[in-house]
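Q: Need a 3D model of the sequence below.
(chains A, B, C and D)
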Protein chains: 2
Amino acid sequence: MTEAAAPRKGRPRSADADAAILAATREALAELGWGGVTMGDVAVRAGVAKTTLYRRWPSKNELVVDAVAVLFDELRMADLGSLRADIEAVVRQFAGLLARPESQAALLALFAEASRDPALRRRVREAIIDPQKRLVHQGRAAAQARGELAPDAGPEAAREDVDIIFDTIAGAVEHRMLVSGECASPEWISRFTTLLLTPLTSKPDQNPAGSV
Amino acid sequence: MTEAAAPRKGRPRSADADAAILAATREALAELGWGGVTMGDVAVRAGVAKTTLYRRWPSKNELVVDAVAVLFDELRMADLGSLRADIEAVVRQFAGLLARPESQAALLALFAEASRDPALRRRVREAIIDPQKRLVHQGRAAAQARGELAPDAGPEAAREDVDIIFDTIAGAVEHRMLVSGECASPEWISRFTTLLLTPLTSKPDQNPAGSV
DNA sequence: CTTCTTTCGCTACGAGTCGTAGCGTATATC
DNA sequence: GATATACGCTACGACTCGTAGCGAAAGAAG
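A: Numbers count the residues shown, from 1 in each chain, chains lettered A, B, ... in the order given. Modelled structure (predicted):
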């Protein structure tokens, strides 16, 4: 991510080693979980020396963040022409990501560590949370442009809406797949989208927001 | 939980030690997080020998499950007379639970470990997930009795509804507080409840459920 | 091609933790 | 009192983390 690679003087670091280490980390993560991953094991899997790992990442935490963050780069926001289709697409992509075994143990363990380590938390925020929120923002902007949203949404309300939607979508999918331990079937995605969708497009019976 | 304490022959185990160990575990969890908790440290905090811990719990995982599961016993489902009030109460209770520092690191770490260890997963399910789902079921039954739900909900749809609602409520609150790292303010709870509520009480514009 | 700089693999190390074993002592029931 | 179990204490082997030092390899600069 920080690619300001100023080509220095001596022998450059092997890009192959970087890729091998990250792949080995994900592989070990899928097999053993966060607590089971050891730097020595990752080094053996990647075919490099353990010292090579510590030359690039200061600690196991940082290594795993990088190894996991790559997975989120696949997620895209496509304008499919309707809010419902867009939301279902996002949910489906996210569910597909979480269905991969290397994500299962990695994500929760990463969040768990981040809940304690402020530096790690900031890295997770920058590498994962913020990009995801930008995706939701894109989708919301597209829906707004199509006139599918209530027109009274100011720029401030938009930010809060995105936060709520993001937490709800991500949280529900994560909870179903990682905590309840059940898959997100197409029917579940459809039902969940229906649950989400209506209050965005129609006026709820009572709206007491603002009573803080 | 398994209180079938058949009074055996020799010296009985100290109930005080049990309580002290569990309390010390939660305390250490709040300060150090899952990865920072060590059995030796817990033993010192509780004022017992490390061997005493291993006489009761086979491993750190099991100990932490028991220490954390107690927190969920506080959650109650009160019939407040309206679906909206009931949901807000549940969300508020859950948010209050997750706001406590000993829950923050514990829950995600526990789920993370459970995502890999089947036995631990079963324990989490029995001690935490299932009781929570029963709470949601109670709330749904109360709302149904008050005629606040669409009457076409059969017993099978009810189960799936409860699953979706549970995953959505728990997931959204967890994600906001533990991943996004922001508090669940009263206004956020109100907005989130509004988001949840409408599709439960009114018919969505399109309902393509069943197209599996 | 030569020199220089950096990386690489290897081995070894101190510190810390896990979970277990053995012992003498304390505290209950029979 | 006899017996059986829990308890505190110490020590232990195995494992992991993260670091240090070494010679060798691989590019970059001249």
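
Q: anything in stretch A:39-50 sitting right up against chain B?
A: No. Contact of stretch A:39-50 with chain B (CB under 8 Å from any CB of the partner chain) is absent, the minimum separation being 14.4 Å. Just so you know, the C-beta spots here come from the backbone N, C-alpha and C atoms, and that holds for glycine as well.

Q: Break chain A into its domains for me.
A: The domain map for chain A lists A:15-56, A:69-201, with the assignment taken from automatic domain parsing.

Q: mind listing the helices for chain A?
A: A:15-36, A:39-46, A:50-56, A:60-72, A:83-99, A:101-114, A:118-124, A:130-145, A:155-174, A:186-201 (DSSP state H).

Q: Quick one: mean pLDDT over stretch A:55-69.
A: For stretch A:55-69, the per-residue pLDDT values average out at 88.

Q: what's the answer for stretch A:105-119, then?
A: Over the span of stretch A:105-119, the pLDDT mean works out to 75.

Q: Output that stretch as PDB, nothing but the C-alphas.
A: The C-alpha atoms that make up stretch A:105-119 are tabulated as PDB, following Å, rounded to 0.1, in the frame of the first residue of the first chain:
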ATOM      1  CA  ALA A 105     -10.300 -16.800  11.300                       C
ATOM      2  CA  ALA A 106      -8.400 -13.800  10.000                       C
ATOM      3  CA  LEU A 107     -11.000 -11.100  10.200                       C
ATOM      4  CA  LEU A 108     -12.400 -11.700  13.700                       C
ATOM      5  CA  ALA A 109      -9.000 -12.200  15.100                       C
ATOM      6  CA  LEU A 110      -7.700  -9.100  13.400                       C
ATOM      7  CA  PHE A 111     -10.600  -7.100  14.800                       C
ATOM      8  CA  ALA A 112     -10.100  -8.600  18.200                       C
ATOM      9  CA  GLU A 113      -6.400  -7.600  18.300                       C
ATOM     10  CA  ALA A 114      -7.300  -4.200  16.900                       C
ATOM     11  CA  SER A 115      -9.800  -3.600  19.700                       C
ATOM     12  CA  ARG A 116      -6.900  -3.500  22.000                       C
ATOM     13  CA  ASP A 117      -4.000  -2.100  20.000                       C
ATOM     14  CA  PRO A 118      -4.600   1.500  18.900                       C
ATOM     15  CA  ALA A 119      -1.900   1.500  16.200                       C
END
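
Q: Show residues contacting it.
A: A:26, A:29-30, A:32-35, A:61, A:64-65, A:67-68, A:71, A:98, A:120-121, A:123-124, A:174, A:178, B:32-36, B:104-105, B:108-109, B:111-112, B:115-116, B:178-179, B:181 (CB atoms under 8 Å, 6 or more residues apart in numbering or on different chains).

Q: do that again at 6 Å, thanks
A: A:29, A:33-34, A:61, A:68, A:120-121, A:124, A:178, B:33, B:104-105, B:108-109, B:111-112, B:115-116, B:178-179 (CB atoms under 6 Å, 6 or more residues apart in numbering or on different chains).

Q: now swap in stretch A:92-103 and tell me
A: Contacts made with stretch A:92-103 from outside it, assessed by CB under 6 Å, 6+ apart, are listed as A:26, A:29-30, A:71, A:75, A:173, A:177, A:184, A:189.

Q: on that earlier part again, let's have the domains of chain A in CSV, adding distance to DNA strand C and mean neighbour count.
A: What follows is the domains of chain A, written out as CSV (distance: least, CB to the nearest atom of the strand, whole Å; neighbours: other CB atoms under 10 Å in any protein chain shown):
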stretch, distance to DNA strand C, mean neighbour count
domain A:15-56, 4, 17
domain A:69-201, 15, 18
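
Q: Where among those domains is average confidence lowest?
A: For the domains of chain A, the weakest mean pLDDT is recorded on domain A:69-201, namely a mean of 82.

Q: Work out the gap between that one and the centre of the chain.
A: 8 Å (CA atoms, centre = their mean, to the nearest Å).

Q: Roughly how far does the nearest residue to residue A:72 once chain neighbours are set aside sit from residue B:11?
A: For residue A:72, ignoring the flanking residues on the chain, the nearest one in space by CB to CB, 6 or more residues apart in numbering or on different chains is residue A:128 at 5.4 Å. Noted for residue A:128: a distance of 52 Å to residue B:11, by CB to CB, to the nearest Å.
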